[in-house]
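3D, please:
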Amino acid sequence: MKQAHVFISGTVQGVGYRYFVRENATKLGLTGFVRNTEDGNVEAVFVGDEKRIMQMIELCKQGSFAADAKQVGFEWDSSAGSGKEMEEFKDFSIN
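Predicted coordinates for the structure are as follows:
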């Protein structure tokens, strides 16, 4: 089980992007959350199988039909030595 913290910039607020992310993350069996940030970007945490997380990150680059994700960056979070504990989520939510 892996956890990725993802940051998306571009035209990603007010265009259904978070709903797109939630729908696809749920289809891939991932847990976590997606939310808007104060600076006009979007942040997400995906927890699950590494291959499925990578598929989700690729989908984030495509975005919803009205979105224009200019940049998608991520970092792996782990409880082993990084100081970042993996979070536990029951489902995938929009925060």
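
Pull up the gap between the spatially closest residue to E43 that is not a sequence neighbour and V6, please.
Leaving aside its chain neighbours, E43 sits nearest to T37 (5.3 Å; criterion: Cβ to Cβ, 6 or more residues apart in numbering). All C-beta atoms are positioned from the backbone trio N, CA, C, and that covers glycine. According to Cβ to Cβ, to the nearest Å, T37 stands 12 Å off from V6.

what is in contact with those two at once?
Shared contacts of T37 and V6, defined by Cβ atoms under 8 Å, 6 or more residues apart in numbering, comprise E43.

More neighbours: which of these two?
Neighbour count, other Cβ atoms under 10 Å: between T37 and V6, V6 has more, with 20 against 13.

Name the residues linked to that one by a beta bridge.
Here V6 sits in beta bridges with A44, F74, going by DSSP bridges.

is it true that it touches F46?
Yes: in this structure, V6 is within contact of F46 by Cβ atoms under 8 Å, at 6.5 Å.

Spit out the residues that contact the two alike.
In contact with both V6 and F46: I57, using Cβ under 8 Å, 6+ apart.
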